[in-house]
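Trainee: Sequence and predicted structure below; questions after.
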Amino acid sequence: MLPTGRRYRMTKKHNKHKKKRRTLKPDSRLFTFEVCLFSGPVTDAFIEANPVVCRTIEIRADQTLQDLHEAIFDAFDREDEHMYEFQIGGTAPMDPNARRYVLPGAMDVPFDGRPAGSVRERIGDLGLEVDDIFGYWFDFGDDWWHQVNVVRIDEQAPPGHYPRITHSVGASPEQYADWGDEEDEWDDEDESAEGFLDGLVEEEHGAPATLEDIAAEVPDRYRPIFDEIVALIDAFCDAHLNEEYKGLCREMTGVVCVNRWLKPRSKASGWAAGIVYAIGRVNFLDDPSEDPYVPFPQVAKGFGVSMATMETHARTIQEALGIILFSPLWWLPSRLEGDGLLDMADMLGFDPHDNPADRARPPRPIKSVDPEPQPRRKPRLRYLPGGKQSTDDEDA
């Protein structure tokens, strides 16, 4: 038998290597949130009938953001789960200064250079106060945005089941709207846009189309969102970039609107940032040796959105157009006057021009990129436990 002193020392040494468990303080407070639909793919008819759509939810302080998500999911009568995140600490949804709280499988994705929080965080540990506002983003494809208002905090939650919905304003929109007659109107508008920008680019000079030429071909339904995106981009380019970037971004805005990759009531700031990011990435905008030079986090901040929002919208454009790092169709005209990028592309086995001596920028037709009619709704990804994804087609 070991001496008592020696046995004590071994026990003490062993315990030193044990990981201390986080002690959660009891928190009996009750939070009351007003969750208002801020933006999403809803029809004109729904908006006319439901100008305000809000749900009041009570939740205990010791419950989590994941519990709040499930309550919002049920409150808006949704059917299919998707990725989601909360943005807390800002002044409004999509505030780039807010901290993101995400699903565990998305915590390793770097955005803004700051670590994301987990949706397993308790409500009472978030530092929320009455009159605070934070954002909730559901389905990164359809972009259902919500503003969450902290309307009340009680020191003691009465006995009962939480979270619970205590009040509703407006009907719940269908998660996948039936656009019906509105899509027929879009089809009629598309017929007038089939030749959009054909011949508008002066190939021998590489001059981009004028704003008037582009705007004239945008379907009427998309003119308001087109004008709003262009105004945001123009202001950013005037402050930080140049006329070349402005011209390319305007043309890409036309591509996005004609192909209906956004909804007429989408948030313009997210798409504007995504367009500048897509053009900037091809032209090395974030390279300090370039002129102009703007780091991408500054681009997101300039449009008042997070890096996650900007990159999500940019990815939609990049994948649809097949844009890669060396995509000369979206190079600045001045880049095609030199040989630097062309030589680099040649080293990678990429020939950007049929005639290497021709330095003019090829035209970019901004009509529909799909030669054959495609289904309106792509297979939707659903987030499953363990970070896996499946499509509706696979479940069938």
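Mentor: It's in.
Trainee: Next, please give the residue ranges for the helices of the stretch 101-250 of the chain.
Mentor: 181-191, 211-217, 223-240, 243-258 (DSSP state H, counting those that start in this stretch).
Trainee: what comes up buried for the shortest one?
Mentor: Using 16 or more other CB atoms under 10 Å as the burial criterion, the residues of helix 211-217 that qualify are 211, 213, 214, 215, 217. (Glycine included, C-beta is placed from N, CA and C.)
Trainee: Distance check, residue 295 against residue 90.
Mentor: 20 Å (CB to CB, to the nearest Å).
Trainee: So for these two, which sits in the more crowded spot?
Mentor: The residue with more neighbours, out of residue 295 and residue 90, is residue 90; 18 against 13, by other CB atoms under 10 Å.
Trainee: Show me where the chain has its strands.
Mentor: 30-39, 54-60, 84-88, 99-102, 117-118, 133-138, 144-154, 164-169, 381-383, 389-391 (DSSP state E).
Trainee: hmm, back to that, residue 155 is nearest to which of the helices of the stretch 101-250 of the chain?
Mentor: Comparing the helices of the stretch 101-250 of the chain by their distance to residue 155 (CB to CB), the top pick is helix 223-240, with 44.0 Å.
Trainee: Identify the residues contacting the closest one?
Mentor: Under the criterion CB atoms under 8 Å, 6 or more residues apart in numbering, residues 211, 215, 218, 243, 245-246, 249-250, 253-254, 256-257, 262, 264-266, 268-269, 271-272, 275-276, 292, 294, 298-299, 302-303 lie in contact with helix 223-240.
Trainee: so that helix versus helix 243-258, what angle?
Mentor: 160 degrees (axes from the mean of the first three to the mean of the last three CA atoms, to 10 degrees).
Trainee: Could I get the buried residue list for helix 223-240?
Mentor: 225, 226, 227, 228, 229, 230, 232, 233, 234, 236, 237, 240.
Trainee: swap in stretch 68-76?
Mentor: 68, 69, 71, 72, 73, 75, 76.
Trainee: Please check the contacts of helix 223-240 and keep the buried ones.
Mentor: 211, 215, 218, 245-246, 249-250, 253-254, 256-257, 262, 264, 266, 268-269, 271-272, 275-276, 294, 299, 302-303.
Trainee: Quick check: chain neighbours aside, which residue is closest to residue 98?
Mentor: Leaving aside its chain neighbours, residue 98 sits nearest to residue 90 (3.2 Å; criterion: CB to CB, 6 or more residues apart in numbering).
Trainee: Next, count neighbours for the closest residue to residue 40 other than its chain neighbours.
Mentor: Excluding the flanking residues, the one nearest residue 40 by CB to CB, 6+ apart is residue 144, at 4.2 Å. Residue 144 has 23 neighbours, counted by other CB under 10 Å.
Trainee: gap between residue 144 and residue 38?
Mentor: For residue 144, the distance to residue 38 - CB to CB - is 9 Å.
Trainee: Please apply the same query to residue 169.
Mentor: 14 Å.
Trainee: One more: residue 253?
Mentor: In terms of CB to CB, residue 253 sits 22 Å off from residue 38.
Trainee: Kindly report the same for residue 77.
Mentor: For residue 77, the distance to residue 38 - CB to CB - is 17 Å.
Trainee: Compare those two (neighbour count), which wins?
Mentor: residue 38 (19 against 11).
Trainee: measure the more buried one to residue 148 for me?
Mentor: With CB to CB as the criterion, residue 38 and residue 148 are 10 Å apart.
Trainee: residues in contact with the residue lying closest to residue 66 once chain neighbours are set aside?
Mentor: The shortest distance from residue 66 to any non-neighbouring residue, by CB to CB, 6+ apart, is to residue 119 (4.5 Å). By CB under 8 Å, 6+ apart, the contact set of residue 119 is 64, 65, 66, 69, 84, 85, 86, 101, 102, 103, 104.
Trainee: ok, now with 6 Å
Mentor: 65, 66, 101, 103 (CB atoms under 6 Å, 6 or more residues apart in numbering).
Trainee: what are the phi and psi angles of the nearest residue to the first one once chain neighbours are set aside?
Mentor: Beyond its immediate neighbours in the sequence, the residue positioned closest to residue 65 (CB to CB, 6+ apart) is residue 119, lying 4.2 Å away. Recorded main-chain torsions at residue 119 are phi -70, psi 0, according to degrees, to the nearest 10.
Trainee: got any ranges where this structure has weak pLDDT?
Mentor: Applying pLDDT under 70 to the chain picks out residues 1-23, 106-114, 179-208, 325-327, 336-396.
Trainee: Domain boundaries for it, per the record?
Mentor: 30-169, 181-383 (automatic domain parsing).
Trainee: re the thing from before, distance to residue 315 added to the helices of the stretch 101-250 of the chain, as TSV?
Mentor: As requested, the helices of the stretch 101-250 of the chain are arranged in TSV below (distance: least, CB to CB, whole Å):
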stretch	distance to residue 315
helix 181-191	24
helix 211-217	23
helix 223-240	17
helix 243-258	13
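Trainee: looking at these, which is closest to residue 135?
Mentor: Using CB to CB, the helices of the stretch 101-250 of the chain put helix 223-240 closest to residue 135, at 19.1 Å.
Trainee: Which one of the buried residues of stretch 68-76 is nearest to residue 334?
Mentor: Using CB to CB, those come closest to residue 334 at residue 69, 47.3 Å.
Trainee: For that closest one, which non-adjacent residue is closest in space?
Mentor: Residue 69 sits nearest to residue 84 (CB to CB, 6+ apart), 5.7 Å away.
Trainee: same question, residue 128
Mentor: residue 150 (5.2 Å).
Trainee: Burial check on that neighbour, number of neighbours?
Mentor: Residue 150, neighbours per other CB under 10 Å, totals 18.
Trainee: hey, what's it bridged with?
Mentor: Residue 150 has these beta-bridge partners by DSSP bridges: residue 33.
Trainee: Can you tell me how far it is from residue 31?
Mentor: Distance from residue 150 to residue 31, by CB to CB: 7 Å.
Trainee: can you check residue 81 too?
Mentor: From residue 81 to residue 31 the distance is 23 Å (CB to CB).
Trainee: Neighbour count: these two, which is higher?
Mentor: residue 31 (24 against 15).
Trainee: Show me the beta-bridge partners of the nearest residue to residue 117 once chain neighbours are set aside.
Mentor: Leaving aside its chain neighbours, residue 117 sits nearest to residue 101 (4.2 Å; criterion: CB to CB, 6+ apart). Judged by DSSP bridges, the bridge partners of residue 101 are residue 86, residue 117.
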